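J.: Below is the structure, and that's it, no one-letter string:
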């Protein structure tokens, strides 16, 4: 790949917020346009992303093994895990919706966890080439992140609507907190990841 | 080299000569393909108008029932707020706060900030907080998840439709309208133009 001039190698810092370029100078400079703090790259991007990612990995386990909600009908409780909920939808002949939930609550979190891990490995081992493809992976991860909240919102609606005492009730389970935490942590991890690091490594 | 003659790509840091894209054009980074700018027709005016519309719609969308169910003779209406309360009552504070923030507070803040910024730019009134507001708006943007909530409503309705009778409240129509307005608001807001205008007002 032919070397191209980046702002950093030419002695400029791009403000993260307003995009204005400033001449590189000492520490803690402020952007002259918006007053934001200037950093050549997001500070401690690798470490922060890795820390958030590890926490998300840990919480991904309880999110999947504990019940995310319990559906009680006529006094009989039936706990559902995330996968159990999808199975229930398939058994109820609601395959399109089951696919939607499968994508939003299983595939997307997995894609994010594995994708961010690969991006971090890429930076750590300075993999050469195809930086554009990696940037596209980053963009996909950043874009799909919020859609995993689907399950959480669905539970919040079900819990408030289906509340008929012993007759029929939906109770949210402990996995809901873990799952919500996974979504938020991976969103923060993606936000802290600086895609420019992918390009800095290219020789 | 004059500082203002160049810009840099936010995702690969390539030093670029700023083009002057016209309405209908899309300016992409030549190296990583990042969408640098997509000028919109009357960006400031439209943002101003749409944020007023959003501010009006957010009240019925929040206060009126979205969906109601009729189950075994009982009826129950659900609003955005009742979902939060139900989660809170089941001691899932973390999830309740997350749902509260991403479905009520952040969309509201987004609209208020867009309104404040576009009003100041429209009337050419300088304000020392403009840059702060703009920065907050950029950070909050991805945490307002109305469209994900909409998907959650759809999935919950499909799940409930098997066992109970559903009725859609006026709030749902307001919610869909709000969704469309906020979507248009995000796409009409040209960040590059907004920052440039904020910079000019400062001088």
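T.: Perfect, I can see it now. Please read these numbers as outputs of a predicted model, since none were measured by experiment.
J.: Tell me where the model's unsure across chain B.
T.: Within chain B, the stretches with pLDDT under 70 are B:1-4.
J.: Backbone dihedrals for the closest residue to chain B within chain A, both of them.
T.: The minimum distance from chain A to chain B, using Cβ to the nearest Cβ, falls at residue A:153 (3.0 Å). In this view, the C-beta of every residue, glycine as well, is placed from N, C-alpha and C. In terms of degrees, to the nearest 10, the main-chain angles of residue A:153 are phi -70, psi -40.
J.: for it, what are its contacts?
T.: Counting by Cβ atoms under 8 Å, 6 or more residues apart in numbering or on different chains, residue A:153 touches B:83, B:99, B:103, B:145, B:148-149, B:151-153.
J.: Need those residues in JSON lines (columns: distance to residue B:191, secondary structure and neighbour count).
T.: As requested, these are exported to JSON lines (distance: Cβ to Cβ, whole Å; DSSP: H, G, I helix; E, B strand; the rest coil; neighbours: other Cβ atoms under 10 Å in any protein chain shown):
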{"residue": "B:83", "distance to residue B:191": "32", "secondary structure": "helix", "neighbour count": "30"}
{"residue": "B:99", "distance to residue B:191": "28", "secondary structure": "helix", "neighbour count": "27"}
{"residue": "B:103", "distance to residue B:191": "24", "secondary structure": "helix", "neighbour count": "27"}
{"residue": "B:145", "distance to residue B:191": "20", "secondary structure": "coil", "neighbour count": "23"}
{"residue": "B:148", "distance to residue B:191": "22", "secondary structure": "helix", "neighbour count": "20"}
{"residue": "B:149", "distance to residue B:191": "25", "secondary structure": "helix", "neighbour count": "27"}
{"residue": "B:151", "distance to residue B:191": "26", "secondary structure": "helix", "neighbour count": "18"}
{"residue": "B:152", "distance to residue B:191": "28", "secondary structure": "helix", "neighbour count": "25"}
{"residue": "B:153", "distance to residue B:191": "30", "secondary structure": "helix", "neighbour count": "21"}
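J.: Give me the nearest residue to residue 167, chain neighbours excluded.
T.: Looking at chain A here, since you left the chain open. residue B:72 (6.0 Å; Cβ to Cβ, 6 or more residues apart in numbering or on different chains).
J.: Actually, chain B is the one I wanted.
T.: Excluding its sequence neighbours, the residue lying closest to residue B:167 (Cβ to Cβ, 6+ apart) is residue B:68, at 4.8 Å.
J.: how about the longest helix anywhere in chain B, does it get close to chain A?
T.: Looking across chain B with DSSP state H, the single longest helix is helix B:43-63. No - counting by Cβ under 8 Å from any Cβ of the partner chain, chain A is not contacted by helix B:43-63; separation bottoms out at 14.0 Å.
J.: quick one: strands adjacent to the next helix or strand after that helix?
T.: Using DSSP states H and E, the helix or strand that follows helix B:43-63 in sequence is strand B:67-71. Applying DSSP bridges, strand B:67-71 is found paired with strand B:74-78 (antiparallel), strand B:165-168 (antiparallel).
J.: And the strands in chain A?
T.: Here chain A has its strands, by DSSP state E, at A:12-14, A:21-23, A:69-73, A:76-80, A:168-172.
J.: Give the burial count for residue B:121, as a bare number.
T.: 24 (other Cβ atoms under 10 Å in any protein chain shown).
J.: how far away is it from residue B:14?
T.: Separation of residue B:121 from residue B:14 (Cβ to Cβ, to the nearest Å): 29 Å.
J.: domains in chain B, as residue ranges please.
T.: B:1-39, B:41-202 (automatic domain parsing).
J.: coming back round to it: ok, and what's touching the longest helix of chain B?
T.: B:40, B:79-81, B:104, B:107-108, B:111-112, B:114-115, B:117-119, B:121-122, B:170-171, B:174-175, B:177-178, B:181-182, B:184-185, B:188-190, B:193-194, B:197.
J.: And for stretch B:135-146?
T.: Outside stretch B:135-146, the residues within contact range by Cβ under 8 Å, 6+ apart are A:17-18, A:34, A:36, A:145-146, A:149, A:153, A:187, A:191, B:101-103, B:106-107, B:109-110, B:113-114, B:117, B:175, B:178-179, B:182, B:186, B:191.
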